[in-house]
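**Student:** need a 3D model of the following:
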Amino acid sequence: MNHWMRWQAKRLNRRRGLQGAAVGAAGIALAAAGCGAKPTRTSPGAPSSNASGPPRTGGIFEATPLAASPPHLDPQQTTSFYTQVPVTYIMERLMNYKTALMDEPLGATYVSIPGLALSAESPDAITWTVRLRADVSFQDVPPVNGHTFEAEDVKATWTRALSLKTNPFLGAIEMIDASQITTPTKDTIVFKLRYPFAPFPALLSAQSTGHVYPREALAGSYDPTKLAIGTGPFIFQSFTPDVEFVTKRNPNYYQKGLPYVDGTRTAIIADQAQRLAQFVGGHLDDLGAVPPTDLDAVKKGVPSAQLLTCAPASANTFWLQLGDSTSAFQDIRVRRAFSMAIDREAIGKSVLQGDYALCFNPSPQLGPKQSLTFDQVPAGVAQYYKYNPAEAKKMFEAAGVSGMNLIIDHPAPYPQVPGNQQVAEAVSNFLNAVGIKAALRQIDYTKDYLGGGKGEAYGFFPKDHVVVSGIRNGSTADPDGRVFDYYHSKSQVGAEQLKDPTLDAMIDKERTIVNQDERFKACIEIQQYIADKMYMIAFMPGPNIHEALQAPVRDFYPTGGGSSVGGYGTETVSRLWLER
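**Tutor:** Okay, the predicted model is just below:
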């Protein structure tokens with residue numbers, strides 16, 4: 001496993017000075033009386049490159065392309081990757097993620113730092129006082145017209161989030177009581193939660209739950225599914241389905257001097273070969289995650305390309321139907337046999353060319369203290385994640401399902417994890433070899449996989465189907481958000497419709513633990529329980545992420561795993577510049 005975020009291009013040096021305008025000096029604190037937690041403080045910064053002279057202004061940044069059109073522009077009403085990434089240019093969060101610096105361990109960039117908020121503090125993890133910046137205005141577009149950003153906008157944002165029945169993350173934010181959100185001053189907002197919740201700043205950081213809307217969204221003065229308005233570095237300009245998403249520089253952005261570029265263009269290109277051709281032809285500045293099979297083509301086609309490499313964010317994981325009491329997968333023997341039928345090493349070598357790590361959910365990018373690693377799995381459980389076709393066949397027979405018909409659904413286009421279809425094909429072959437009649441079915445990512453919250457991504461699929469897909473960003477990058485969203489019975493976005501009272505109780509308890517080290521330990525114990533129960537076909541090979549950039553791109557420092565997670569537009573694109 002690659003345990004460090006690193007640049008592989010010598011053209012970009014790093015230093016820990018501040019670039020441009022600072023986000024703010026105040027940090028984030030959890031002052032937990034009597035619980036052993038100490039206040040912490042983090043100041044954000046962005047290092048500079050070794051390019052000659054200061055950053056240049058101007059130019060259009062041709063951003064990492066999308067493989068499909070956003071279903072709409074309202075992140076409070078979808079889990080779509082294709083919505084969450086584009087709106088990061090326009091809408092900001094109260095808290096941001098720290099950008100990547102050299103030689104920092106996994107998980108380091110998932111630290112919440114000041115964004116629109118200067119601080120988020122609590123004496124008990126129940127009452128959270130959030131202090132806001134006083135120098136921020138919304139973008140000068142109707143009907144908002146550049147009014148000042150205030151606590152009432154934050155209250156309206158969370159009131160809307162809690163009132164929308166179409167919000168897929170309602171379960172994840174159940175600790176927030178809309179009636180207990182107060183605004184004592186224009187720059188202060190207080191949340192009194194239903195129970196202690198230590199990772200509350202992570203909710204404020206997440207691109208799935210944290211984007212701040214102007215109060216006009218709650219009032220119904222405009223339609224957020226068609227128009228994105230925020231305080232961010234870029235203003236929404238146009239969206240042409242299946243063609244492009246375009247923004248322009250916000251001249252009134254509160255971080256003076258930023259952004260450096262005049263605007264961004266995000267092309268929508270379904271075919272990976274076409275995306276590669278566009279990058280080699282110089283029409284894209286950021287290719288995004290490059291499949292291992294395309295790395296040589298990138299290096300040969302663009303010898304000057306910069307490559308950012310980091311650990312896998314996800315893997316092609318198999319999700320089972322556990323919400324139907326008549327499903328064969330209710331029998332743990334069937335789940336274990338399915339897992340033992342898979343030759344993970346063969347998939348890693350053939351599909352990912354050996355450039356991979358075994359992944360659980362949460363992903364390895366959170367680091368070993370937060371994400372379960374294979375060496376943390378007891379030997380008695382680990383045996384079921386190892387290739388053993390003879391034992392798999394016996395176990396299928398013992399469970400009485402030998403010869404069963406099974407459909408493997410794989411969404412397309414699905415660029416988050418390379419090799420989705422190839423992995424589905426390989427596993428189909430492995431299952432057929434042990435007596436299971438497995439066939440493939442391609443489904444549409446937006447129409448069938450997401451399905452407006454009623455798709456296969458949320459466990460709505462027949463009992464004789466399994467779904468192969470990656471791991472969506474959870475309601476937070478914190479491990480709590482990942483385990484709640486996928487495995488808690490109250491989650492609206494669970495991939496398997498799982499209902500396990502014991503697991504629910506473990507997650508409920510973990511959410512109230514204030515001491516972070518103890519809470520992370522509880523998260524690992526939860527993941528060990530999930531691994532033992534085989535609640536997903538996990539520890540599949542996940543590709544190490546290689547993000548390709550053109551040589552003129554300067555000061556590109558991402559959050560998390562490159563362009564696919566975190567605040568791509570806010571934290572990364574707002575600070576980069578083009579030396580051309």
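**Student:** neighbouring contacts of the biggest helix by length in the chain?
**Tutor:** Scanning the chain for the helix with the most residues, using DSSP state H, yields helix 516-533. The set of residues that contact helix 516-533 without belonging to it, under Cβ atoms under 8 Å, 6 or more residues apart in numbering, is 37, 198-199, 332, 360, 362, 369-372, 376-378, 381, 385, 479-480, 483, 487, 500, 502-503, 506-507, 509-510, 513, 536, 538-539. In short, each C-beta sits where N, CA and C put it, glycine included.
**Student:** at 6 Å what do you get?
**Tutor:** Outside of helix 516-533, the residues within contact range by Cβ atoms under 6 Å, 6 or more residues apart in numbering are 198, 369-370, 372, 377, 381, 479, 483, 506, 510, 513.
**Student:** P552 and T247, how far apart?
**Tutor:** When distance is defined by Cβ to Cβ, to the nearest Å, P552 is 19 Å away from T247.
**Student:** could I get the buried residue list for stretch 301-317?
**Tutor:** Of the residues in stretch 301-317, those buried under the neighbour-count criterion (16 or more other Cβ atoms under 10 Å) are 301-302, 305-317.
**Student:** which of these fall in strands?
**Tutor:** Counting by DSSP state E, the part of the buried residues of stretch 301-317 found in strands is 306-310, 317.
**Student:** okay, now the unreliable bits of the stretch 451-580 of the chain?
**Tutor:** For the stretch 451-580 of the chain, applying pLDDT under 70 flags the ranges 472-474, 560-566.
**Student:** measure stretch 338-349 end to end?
**Tutor:** 20 Å (Cα to Cα, to the nearest Å).
**Student:** can I get the CA coordinates of the longest strand belonging to the chain in CSV?
**Tutor:** When every strand of the chain is counted residue by residue (DSSP E), the longest turns out to be strand 176-185. What follows is strand 176-185, C-alpha atoms only, in CSV (Å, rounded to 0.1, in the frame of the first residue of the first chain):
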residue,chain,number,x,y,z
ILE,A,176,-29.2,18.1,14.4
ASP,A,177,-32.5,19.5,15.6
ALA,A,178,-33.7,22.4,13.4
SER,A,179,-35.6,23.9,16.3
GLN,A,180,-32.4,24.1,18.3
ILE,A,181,-30.4,26.1,15.8
THR,A,182,-30.0,29.7,17.0
THR,A,183,-28.3,32.8,15.6
PRO,A,184,-27.3,35.0,18.6
THR,A,185,-25.4,37.4,16.3
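**Student:** neighbouring strands - and their directions - for it?
**Tutor:** In its sheet, strand 176-185 lies beside strand 188-193 (antiparallel), with partners assigned from DSSP bridges.
**Student:** so which bits of the partner strand are buried?
**Tutor:** Within strand 188-193, the residues that qualify as buried by neighbour count (16+ other Cβ under 10 Å) are 189-191, 193.
**Student:** and those residues as TSV, adding pLDDT and distance to S80?
**Tutor:** As requested, the buried residues of strand 188-193 are arranged in TSV below (pLDDT from 0 to 100; distance: Cβ to Cβ, whole Å):
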residue	pLDDT	distance to S80
I189	98	28
V190	98	32
F191	98	27
L193	97	28
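**Student:** can you pick out the most distant pair from these?
**Tutor:** Maximum pairwise distance in the buried residues of strand 188-193, criterion Cβ to Cβ, is 13.1 Å, between I189 and L193.
**Student:** may I see the buried residues of strand 188-193 arranged in a markdown table, with distance to T79 as well?
**Tutor:** Formatted as a markdown table, the buried residues of strand 188-193 follow (distance: Cβ to Cβ, whole Å):
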| residue | distance to T79 |
| --- | --- |
| I189 | 26 |
| V190 | 29 |
| F191 | 23 |
| L193 | 23 |
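**Student:** just give me the neighbour total for Y487.
**Tutor:** Counted by other Cβ atoms under 10 Å, the residues lying close to Y487 total 27.
**Student:** ok, it to I126 distance?
**Tutor:** Distance, Y487 to I126, using Cβ to Cβ: 24 Å.
**Student:** returning to what we had before: tell me the two of the contacts of helix 516-533 that are most distant?
**Tutor:** Maximum pairwise distance in those, criterion Cβ to Cβ, is 28.4 Å, between A198 and V381.
**Student:** those two: which is more packed in?
**Tutor:** Using other Cβ under 10 Å as the criterion, A198 and V381 rank with A198 on top: 24 against 15.
**Student:** what about that one, which helix or strand?
**Tutor:** When elements are defined using DSSP states H and E, A198 is found to belong to no helix and no strand.
**Student:** separation between it and S489?
**Tutor:** Taking Cβ to Cβ as the measure, A198 falls 22 Å from S489.
**Student:** same check, this time on A457
**Tutor:** Computed with Cβ to Cβ, the distance linking A457 and S489 is 17 Å.
**Student:** what do you get for F329?
**Tutor:** Distance of F329 to S489, given as Cβ to Cβ: 17 Å.
**Student:** hmm, back to that, which residues does the longest strand of the chain contact?
**Tutor:** Among residues not part of strand 176-185, those counted as contacts by Cβ under 6 Å, 6+ apart are 151-152, 155, 158-159, 162, 189-192, 194.
**Student:** quick one, what contacts Y260?
**Tutor:** The neighbours of Y260, taking Cβ under 6 Å, 6+ apart as the test, are 55, 57, 577.
**Student:** so V434 is in contact with K393, correct?
**Tutor:** Yes. With contact taken as Cβ atoms under 6 Å, V434 and K393 are classed as touching, separated by 4.2 Å.
**Student:** more neighbours: which of these two?
**Tutor:** Using other Cβ under 10 Å as the criterion, V434 and K393 rank with V434 on top: 22 against 18.
**Student:** next one, pLDDT for the more buried one please.
**Tutor:** At V434, the model reports a pLDDT of 97.
**Student:** next one: G257
**Tutor:** G257 carries a pLDDT value of 95.
**Student:** tell me where the stretch 301-450 of the chain is predicted with low confidence.
**Tutor:** Within the stretch 301-450 of the chain, the ranges that satisfy pLDDT under 70 run 415-416.
**Student:** what about the strands in it?
**Tutor:** Here the stretch 301-450 of the chain has its strands, by DSSP state E, counting those that start in this stretch, at 306-310, 317-319, 356-359, 405-412, 437-444.
**Student:** dump those into JSON lines; add distance to Q527 as well.
**Tutor:** Putting these into JSON lines (distance: least, Cβ to Cβ, whole Å) gives the following:
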{"stretch": "strand 306-310", "distance to Q527": "21"}
{"stretch": "strand 317-319", "distance to Q527": "13"}
{"stretch": "strand 356-359", "distance to Q527": "12"}
{"stretch": "strand 405-412", "distance to Q527": "25"}
{"stretch": "strand 437-444", "distance to Q527": "27"}
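**Student:** quick one: closest of the ones you listed to G348.
**Tutor:** Checking those against G348 by Cβ to Cβ gives strand 356-359 as the closest, at 4.5 Å.
**Student:** what about the closest one, distance to the chain center?
**Tutor:** In terms of Cα atoms, centre = their mean, to the nearest Å, the gap separating the centre of strand 356-359 from the centre of its chain is 17 Å.
**Student:** before we move on, what about stretch 61-69?
**Tutor:** 16 Å.
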